[in-house]
Structures are given as structure tokens and as C-alpha cells.
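Student: Build me a structure from this.
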Amino acid sequence: MKRLLANNRFLVTLSIVAAVAGFITGYVKRDFYWFARFGALVVGFGIALVSRTAFTGRDLLLNVTAADTRENINSPEHFMKLGEPIPEYVATDVAARKAINLFGPAITFVGTAIWGFGDLLNTLFHFAGK
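Tutor: Purely as a prediction, here's the structure:
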């Protein structure tokens, strides 16, 4: 389970599927309160992305500049300048930074907007709502 929760692609895909499923359910049932409820799931997936380091058990690596390459020794650029393969721990750190700094906050924001305002689509589509 931790492996799935630490997989950026899986959680981003799950977020998109939840948002689309919520929209379709709301449209079919003619009540976008369902869409708003699915927004809560999207927020949960965003929080899981932000919490990636807790699931992998690895903290983010420090930013240390190398004297020879003038790059962070924990970045892919450093290893590319040295002509060496990028170690697995660096790839894991890059994925964690994307989850924490980009995917997680964006998905949490979108999920919050869906959760908070999704039911207003009832007015746009002229559904009765509840």
C-alpha cells in the first residue's frame, strides 16, 4: 500500500479519474453535489502526494554545491556533468520534490475548489439540486 501511495503517476491519475467520475456521476444523476463529494477524494489524494516522504521513509536530500560542477551534488545535473548515471536515490528525491512542491499542492487546490464549489454546477446546468 505504501508503494502505491508513494507513486506520483498513480496518485495523479487517481485524482483525475476521481474528478471525472464525480463530474459524470453528477451529470447523470442531475445533481452536482456528487461532484462536490468527489472533490473531497481529490483533496485526499493531493494530501497523500504532499506526504510522499512519510510513505517512502526518506527525507529530502540536502542542497550541497559541488566544487567541480557547481551543481547540487544531489541533483541529476551534477551527475550528467560528470558523465555518470543518475543514482536511484537522486531520482527518488526528484520525484518527492515534484510531489511535494507541484503535484500535491495543485491537486489539493483543485480538489478544494471542486469540493467547495462543485455543487454550483447545478445552477449552470439548471439542475434542481437539493
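Student: Please make it C-alpha for all contacts and neighbour counts, starting now.
Tutor: Fine.
Student: Tell me, please, the helix or strand in the chain that averages the lowest pLDDT.
Tutor: Least confident element among the helices and strands of the chain, by mean pLDDT, DSSP states H and E: helix 2-5 (a mean of 90).
Student: helix or strand right after it?
Tutor: As assigned by DSSP states H and E, the chain's next helix or strand after helix 2-5 is helix 8-29.
Student: Pull out the buried positions in that following helix.
Tutor: Buried residues in helix 8-29, defined by neighbour count with 16 or more other C-alpha atoms under 10 Å: 8, 11-12, 15, 18-19, 22-23, 25-27.
Student: Tell me how many other residues surround E84.
Tutor: Here the number of neighbours of E84 (other C-alpha atoms under 10 Å) works out to 10.
Student: how would you label it: helix, strand or coil?
Tutor: The three-state label given to E84 by DSSP: H, G, I helix; E, B strand; the rest coil is coil.
Student: Who are the contact partners of it?
Tutor: For E84, no residue meets the contact criterion (C-alpha atoms under 8 Å, 6 or more residues apart in numbering).
Student: For L62, see how far away it is.
Tutor: Using C-alpha to C-alpha, to the nearest Å, E84 is found at 20 Å from L62.
Student: Hmm, A113 and R37 touching each other?
Tutor: No: in this structure, R37 is not within contact of A113 by C-alpha atoms under 8 Å, at 11.2 Å.
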